[in-house]
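Trainee: Pasting the sequence and the predicted model now:
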Amino acid sequence: MPGEQLRENSGVIAATINATNIATGANSHAGDVYDQSIGAVTKDAVLKKFDAVISLLSQTGASEMSVDDRDELIASAKSAKDELSSESPNKRKIMPIINDIVDTVKSVGSIASAATALLGVANQFFGK
């Protein structure tokens, strides 16, 4: 209101957030793994998202996720990436793996945003 003195705000009191990715905390990577593209999504764009997820998974420590889970996700992601690289990629082989990755890493902030970005571009690529 005019003439009213503003109070100091030392945090978010109330907010509306409309975002594709939000990452907080140590080692968060939302800003450097998500790029918003205009137009059709290419196979190359999906492959780059796979590379980002695989790279982040490779850097994940045992305190964030079990080594067995991490190694299985890396192998699955590489398998899906290989399928995507084929001449006629089968979305029925690729999408369940991406969904599993998203579900498994949803509490690992540094990977969750990259996995969500991968899911988004894959859905666009396959026309979902």
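Mentor: Sure, I can see it. Numbering: from 1, shown residues only.

Trainee: max-length helix in this protein?
Mentor: Looking across the chain with DSSP state H, the single longest helix is helix 67-85.

Trainee: in that helix, what counts as buried?
Mentor: Neighbour counts over helix 67-85 (16 or more other Cβ atoms under 10 Å) mark 70, 73, 74, 76, 77, 80, 81, 83, 84 as buried. All C-beta spots, glycine's among them, are computed from the backbone N, C-alpha and C.

Trainee: helices and strands around it, which ones?
Mentor: helix 43-58, helix 91-104 (3 or more Cβ pairs under 8 Å, 6 or more residues apart in numbering; DSSP states H and E).

Trainee: I'd like the ones you listed laid out as CSV, including mean neighbour count.
Mentor: Output for the helices and strands packed on helix 67-85, formatted as CSV (neighbours: other Cβ atoms under 10 Å):
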stretch, mean neighbour count
helix 43-58, 19
helix 91-104, 17
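
Trainee: Of the ones you listed, give the one that comes closest to residue 110.
Mentor: With Cβ to Cβ, the closest approach to residue 110 among the helices and strands packed on helix 67-85 belongs to helix 43-58: 6.0 Å.

Trainee: Next, the angle from that closest one to helix 91-104.
Mentor: Helix 43-58 runs at 40 degrees relative to helix 91-104, counting by axes from the mean of the first three to the mean of the last three Cα atoms, to 10 degrees.

Trainee: about what we covered before: mind putting the helices and strands packed on helix 67-85 into CSV with distance to residue 115 and mean pLDDT?
Mentor: Output for these, formatted as CSV (distance: least, Cβ to Cβ, whole Å; pLDDT from 0 to 100):
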stretch, distance to residue 115, mean pLDDT
helix 43-58, 6, 96
helix 91-104, 5, 96
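
Trainee: nearest to residue 119, of the ones you listed?
Mentor: Shortest distance between residue 119 and the helices and strands packed on helix 67-85, using Cβ to Cβ, is found for helix 91-104: 5.2 Å.
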